[in-house]
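> Need a 3D model of the following:
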Amino acid sequence: MKNFLPSKRQLAFGLCAIIVIAGLTYSGLAGKTWYDAREAKKFAGLSRPLVLELAKELDVSYVDAARVFVFSNTDHDMESDWYQAHAEDFPYVMEHLYKTAISAPDAERPDLACGWRVKAMKSLLDAEGISADTIYLYNDTGADPNQNSHVVIQASNPQTNRLEVHDVDFNVKYVRPDGSTASLSDLIKSQVPDDFSVCDENGCGTKRIGKTTVAKNDFYKGVYYRDRDVFLLSRSKFDIKKTFTIHRIRGDEVMDVYDYFNYIYPGAPIVEF
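A predicted model of the protein is given here:
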């Protein structure tokens, strides 16, 4: 029996081999992450002059132009082959966003969902040194809040010195009666869109905007700051007593509002207002 047991030397060698393999795997993943981030940043940098040119052409801020740029050079299609193959490959997304904008012969127009469009816009803002938060929105109109979710961006616009919410998926923003763009704080404390005008680069309440579904259900009832890991819940808007049967998550279990969002965002504090 003794002859079949590995020696201490063999055990040590095996352990070293495992450590080396693990180290190489980690290094490979870290290297890929670094390379992907560099490539995405490169194409955001190449797109930056185009966004600046667009801002000048439309006579809008860089933030507004970044929203228009992403909306104009991508489509919302979660069923396409392109989306299934490339949506999660962010460097590839940014490469073909840029190539689509310059009408390159090998351009592949990206198909993206709202969250990926926000990520692309945020990358363009980063290229200009503008900070922004990714915001997930929820309402209580359906059986599963996650099925009614939406993603927008709140940018710190240096040209207006305001925090501004921009919805790149619909290419709109909300404008207050004083003409300024609404912040997240404005939206979660008010009725959307009743208390604001819904606008794009061509004006407010245009025919294109009227055809979108934006703000119909007042998504600004539950708000998750992805970059800050904090969830805000409006007691005046969200039906706190409502329960949800979440088949997609844990069978037929009925969950209340707090169980649901604690499950979706474990550890994130829920701040009520």
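> show me where the stretch 51-200 of the chain has strands.
Listed in chain order, the strands found in the stretch 51-200 of the chain under DSSP state E, counting those that start in this stretch are 132-138, 150-157, 162-167, 172-175, 197-200.
> Please report the distance of the residue nearest the centre of the chain from residue 150.
The centroid of the chain falls nearest to residue 115 when counting by CA atoms, centre = their mean (3.3 Å). Distance, residue 115 to residue 150, using CB to CB, to the nearest Å: 9 Å. Quick note: C-beta positions are derived from backbone N, CA and C, even for glycine.
> before we move on, what about residue 157?
Relative to residue 150, and taking CB to CB, residue 157 is found at 21 Å.
> coming back round to it: please name the nearest non-neighbouring residue to the residue nearest to the centre of the chain.
Nearest non-adjacent residue to residue 115, counting by CB to CB, 6 or more residues apart in numbering: residue 151, 4.2 Å away.
> neighbours around the one you found, how many?
Residues near residue 151, counting by other CB atoms under 10 Å, number 21.
> Report the contact partners of it.
Residue 151 sits next to 113-115, 117-118, 134-137, 169 when contact means CB atoms under 8 Å, 6 or more residues apart in numbering.
> can we see that at 6 Å?
114-115, 118, 136 (CB atoms under 6 Å, 6 or more residues apart in numbering).
> Just the buried positions in stretch 195-206, please.
196-201 (16 or more other CB atoms under 10 Å).
> Span of it from start to end?
17 Å (CA to CA, to the nearest Å).
> how close does the nearest residue to residue 162 once chain neighbours are set aside get to residue 165?
Nearest residue to residue 162, sequence neighbours excluded (CB to CB, 6+ apart): residue 180, at 6.0 Å. Counting by CB to CB, the separation of residue 180 from residue 165 is 12 Å.
> Give me the more crowded residue out of these two.
Neighbour count, other CB under 10 Å: between residue 180 and residue 165, residue 165 has more, with 25 against 15.
> Isn't the more buried one up against residue 184?
Yes: applying CB atoms under 6 Å, one finds residue 165 in contact with residue 184, separated by 5.5 Å.
> Residues that sit against both of those two, list them.
residue 154.
> Report the mean confidence score over stretch 228-239.
For stretch 228-239, the mean per-residue pLDDT is 93.
> Need the residues that contact it.
Stretch 228-239 is touched from outside by 140, 188, 221-224, 261, 265, 268-272, with contacts defined as CB under 6 Å, 6+ apart.
> Dump those residues to a markdown table, plus pLDDT.
Formatted as a markdown table, those follow (pLDDT from 0 to 100):
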| residue | pLDDT |
| --- | --- |
| 140 | 89 |
| 188 | 92 |
| 221 | 93 |
| 222 | 93 |
| 223 | 95 |
| 224 | 96 |
| 261 | 90 |
| 265 | 91 |
| 268 | 95 |
| 269 | 96 |
| 270 | 95 |
| 271 | 95 |
| 272 | 93 |
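> Strands - which of those land there?
Residues of those located in strands (DSSP state E): 222-224, 270-272.
> Residue 98 and residue 256, how far apart?
Per CB to CB, residue 98 is found 45 Å from residue 256.
> Counting neighbours, which of the ones in strands among the contacts of stretch 228-239 comes out on top?
Busiest of those [other CB under 10 Å] is residue 222, holding 24 neighbours.
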